[in-house]
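**Student:** Predicted model and sequence follow; I will ask about them next.
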Amino acid sequence: MKNKALSYVLIFTLIVLSFFGGSYFEKQKTKFSPYPPTPLISPIPQRLTVAEVSDGDTLKLSNGKTFRLYGINAPEVKEPYFEEAKAFTQNLVLGKEISFEQEAKYKVDKFGRTLGYVFIGGVNLNIELVKNGLARVVLYEKRAKIKYQDELLFAEKEAKKLKVGVWKK
């Protein structure tokens, strides 16, 4: 009986030692790994220069791609406030470095244009166009809520209340 108890204590001691010993050697192995550590990758805001402004909500970037502001629609050629929307966008971004964000699911439209929100000096161009009555908010019923939806809708509500731009009647 004494030998059986001694055997259990010995087995338990071996299990505990192998657990802690294994952990120690595993730490030493990773501590002196011949491979360089994997760097943490944090998302870097994409920055490009605006080469051309097609209209209030469409830009040509320095990388040659066309960028379409997401969640809004500015007036098209021959529509009221087309020139004002285009001039507004040109004054803010033409020839300047911008950064942009994109929705997780909607990065490119059916025409191959990059979709997203443009920022210049921390200001969201999409919201500024709506706030000034130079674009309307466009939301799709069957899509998830978009990133700046609340801000865009608030800006549109204020523009309507103040009767500016496309809301002037």
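**Tutor:** That came through fine.
**Student:** Tell me where the protein has helices.
**Tutor:** Counting by DSSP state H, the chain has helices at residues 2-31, 82-93, 125-131, 149-162.
**Student:** worst average pLDDT in those helices?
**Tutor:** Lowest mean pLDDT within those: helix 2-31, at a mean of 60.
**Student:** how about the nearest residue to Leu115 once chain neighbours are set aside, what does it touch?
**Tutor:** Closest residue in space to Leu115, ignoring its immediate chain neighbours: Tyr70 at 4.4 Å, by CB to CB, 6 or more residues apart in numbering. Glycine gets a C-beta too; all of them are placed from N, C-alpha and C. Tyr70 makes contact with Gln102, Glu103, Tyr106, Leu115, Gly116, Tyr117, Asn126, Ile146 under the criterion CB atoms under 8 Å, 6 or more residues apart in numbering.
**Student:** Centre-most residue in the protein?
**Tutor:** In the chain, the C-alpha nearest the mean C-alpha coordinate belongs to Glu101, at 3.4 Å (CA atoms, centre = their mean).
**Student:** I'd say Thr67 and Asp57 touch.
**Tutor:** One correction, residue 67 is Phe, not Thr. No: assessed by CB atoms under 8 Å, Phe67 is found out of contact with Asp57, at 9.3 Å.
**Student:** out of the two, which sits in the more crowded spot?
**Tutor:** Comparing Phe67 with Asp57 by neighbour count (other CB atoms under 10 Å), the higher total belongs to Asp57, at 26 against 22.
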